[in-house]
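A.B. asks: the sequence isn't on hand, but the structure is:
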């Protein structure tokens with residue numbers, strides 16, 4: 001059986017068996033199996049992937065920028081990446097805002113106060129993270145790390161941009177150093193390439209347990225929450241998923257066909273493994289090694305470009321997250337009867353686009369930013385508790401869009417057109 005079929009089978013079995021087991025949630029045997037088997041298997045798989053994110057990001061960016069600066073020009077690639085990222089993010093937010101205004105999922109929503117009490121601890125944690133956020137000027141300054149090692153340690157906790165900046169600068173500095181010296185090759189680049197290749201080998205090893213890990217992760221989620229969490233928030237979830245599907249199969253397909261000159265169907269078929277990966281892990285960072293492998297081996301993208309775009313995109317191209325944030329803010333405004341003017345909705349759009357660029361590529365990384373946006377337009381912050389029940393599932397969906405969006409942007413930036421229509 002091919003690997004993507006194994007992943008899909010693990011996903012489906014995890015949903016079916018996890019949901020069935022949820023009906024017997026009080027069973028000591030099932031809780032023991034979930035706690036001591038399912039959770040560890042899923043965590044071991046994720047940790048194997050997270051373990052190589054920092055060395056892979058640093059080595060890939062340094063080599064990518066060095067190669068681009070030496071041959072094609074890093075400025076051109078970075079400009080095209082930013083341009084297409086803003087275009088895609090803007091489209092995703094506008095789709096989400098439009099769907100919320102049309103379907104009005106928050107109108108007539110009955111607020112269950114018990115939801116706030118049950119999620120009080122989570123809300124307080126998210127609120128603390130939101131209050132701890134930096135203002136725009138401070139955030140710009142702190143993109144430049146005082147201590148690169150500290151940025152690497154905290155990379156998976158929201159400091160990924162600082163690590164990326166360090167890698168970008170070193171890659172360009174190596175290029176300048178080589179130009180000013182008589183050296184034809186730099187030893188450090190060979191070492192970084194070996195680190196990158198070793199990271200890919202770890203991905204191969206992790207893929208051997210991937211189907212079991214996907215089953216374990218999804219089983220754990222379904223076992224804990226079942227399907228009942230969708231009853232009260234069905235319309236909200238439906239609007240988010242509809243927006244994600246439109247962005248995936250309409251906007252991305254349009255960009256691929258008319259700008260990248262590639263077959264959307266062929267592109268998505270060749271990307272299916274990493275999309276299943278994204279859905280099950282809910283983490284753009286965890287999917288980065290697999291995304292790079294798919295981009296180079298299956299989509300035929302130029303390595304220097306794909307490594308640059310995908311590593312930057314894991315943090316800076318969160319289309320699905322931007323759409324989710326816009327839908328959530330307007331949904332909660334409707335729930336609490338906060339009538340947002342067109343000007344305020346435009347403010348939400350801009351904030352979501354910017355927030356989508358700075359969201360940490362880890363599960364739940366968008367929640368603090370949603371609270372910041374809510375505070376900015378006068379929506380009660382405790383309203384975030386309403387969507388916590390379905391956030392895990394929607395996180396899986398939007399991460400899939402985030403990861404496939406990174407591959408689409410890489411294809412748009414790449415000059416090669418190997419997958420002709």
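C.D. replies: Yep, it's here. What you are looking at is a predicted structure, and each value in this text was computed from that prediction instead of being measured. Numbering: from 1, shown residues only.
A.B. asks: which residues touch the closest residue to residue 405 other than its chain neighbours?
C.D. replies: Distances taken as C-beta to C-beta, 6 or more residues apart in numbering place residue 319 nearest to residue 405, at 4.4 Å, with adjacent residues excluded. Glycine gets a C-beta too; all of them are placed from N, C-alpha and C. By C-beta atoms under 8 Å, 6 or more residues apart in numbering, the contact set of residue 319 is 88-89, 91-92, 247, 356, 401-402, 405.
A.B. asks: tell me the one among these nearest to residue 201.
C.D. replies: For the contacts of residue 319, the residue nearest residue 201 by C-beta to C-beta is residue 402; the value is 25.4 Å.
A.B. asks: which SS class is the closest one?
C.D. replies: helix (DSSP: H, G, I helix; E, B strand; the rest coil).
A.B. asks: neighbours of the nearest residue to it once chain neighbours are set aside, just the number please.
C.D. replies: Leaving aside its sequence neighbours, residue 402 sits nearest to residue 320 (C-beta to C-beta, 6+ apart; 4.6 Å). If you count neighbours by other C-beta atoms under 10 Å, residue 320 ends up with 32.
A.B. asks: pLDDT of the helix or strand containing residue 320, averaged?
C.D. replies: Taking DSSP states H and E as the definition, residue 320 sits inside helix 319-335. In this model, helix 319-335 has an average pLDDT of 89.
A.B. asks: repeat that for stretch 83-103.
C.D. replies: The model assigns stretch 83-103 a mean pLDDT of 92.
A.B. asks: any chance you could map the helices in the stretch 201-350 of the chain?
C.D. replies: 210-225, 234-246, 252-258, 264-270, 272-281, 284-297, 303-316, 319-335, 342-358 (DSSP state H, counting those that start in this stretch).
A.B. asks: the residue of the chain most remote from its centre: what secondary structure?
C.D. replies: Farthest-out residue of the chain from its mean C-alpha position, per C-alpha atoms, centre = their mean: residue 182, at 41.9 Å. Here residue 182 is recorded as coil under three-state DSSP.
A.B. asks: distance of it relative to residue 251?
C.D. replies: 49 Å (C-beta to C-beta, to the nearest Å).
A.B. asks: grab the nearest non-local neighbour of residue 376.
C.D. replies: residue 351 (6.4 Å).
A.B. asks: same question, residue 195
C.D. replies: With C-beta to C-beta, 6+ apart, the residue lying closest to residue 195 is residue 59, at 4.6 Å.
A.B. asks: for burial, what's the neighbour tally of the one you found?
C.D. replies: For residue 59, using other C-beta under 10 Å, the count is 25.
A.B. asks: which element is it on?
C.D. replies: Per DSSP H and E: helix 39-67 holds residue 59.
A.B. asks: buried sites along that helix?
C.D. replies: 39, 41-42, 45-46, 48-50, 52-67 (16 or more other C-beta atoms under 10 Å).
A.B. asks: now do it against helix 210-225, angle only.
C.D. replies: Helix 39-67 and helix 210-225 are oriented at 120 degrees to each other (axes from the mean of the first three to the mean of the last three C-alpha atoms, to 10 degrees).
A.B. asks: helices and strands around helix 39-67, which ones?
C.D. replies: helix 160-180, helix 187-207, helix 210-225, helix 284-297, helix 303-316 (3 or more C-beta pairs under 8 Å, 6 or more residues apart in numbering; DSSP states H and E).
A.B. asks: check which helix or strand residue 392 maps to.
C.D. replies: Going by DSSP H and E, residue 392 is part of helix 388-413.
A.B. asks: and that helix, average pLDDT?
C.D. replies: The model assigns helix 388-413 a mean pLDDT of 87.
A.B. asks: tell me the contacts of the closest residue to residue 340 other than its chain neighbours?
C.D. replies: Among residues not flanking residue 340 along the chain, residue 333 sits closest, at 5.2 Å (C-beta to C-beta, 6+ apart). Taking C-beta under 8 Å, 6+ apart, we find residue 333 in contact with 106, 339-340, 377, 379.
A.B. asks: if we can go back for a sec, doesn't residue 395 make contact with the residue nearest to residue 402?
C.D. replies: No - counting by C-beta atoms under 8 Å, residue 320 does not reach residue 395; the two are 9.1 Å apart.
A.B. asks: what's the overlap in contacts for the two?
C.D. replies: Contacts common to residue 320 and residue 395, judged by C-beta under 8 Å, 6+ apart, are absent.
A.B. asks: show me the contacts for residue 171.
C.D. replies: 61-66, 69, 74.
A.B. asks: closest one to residue 266 out of these, please.
C.D. replies: residue 64 (25.0 Å).
A.B. asks: so how far is residue 245 from the closest one?
C.D. replies: 31 Å.
A.B. asks: hang on, isn't residue 312 packed against residue 164?
C.D. replies: Yes - using C-beta under 8 Å, residue 312 is in contact with residue 164, at 6.3 Å.
A.B. asks: shared neighbours, the two?
C.D. replies: Common neighbours of residue 312 and residue 164 (C-beta under 8 Å, 6+ apart) are residue 61.
A.B. asks: what residues of stretch 209-228 count as buried?
C.D. replies: Buried residues in stretch 209-228, counted by 16+ other C-beta under 10 Å: 210-223, 225-226.
A.B. asks: of the contacts of residue 333, keep whichever come out buried.
C.D. replies: Buried among the contacts of residue 333 (16+ other C-beta under 10 Å): 106, 340, 377, 379.
A.B. asks: how near is the residue positioned nearest the centre of the chain to residue 275?
C.D. replies: Central residue of the chain (C-alpha atoms, centre = their mean): residue 284, 3.6 Å from the mean position. Separation of residue 284 from residue 275 (C-beta to C-beta): 12 Å.
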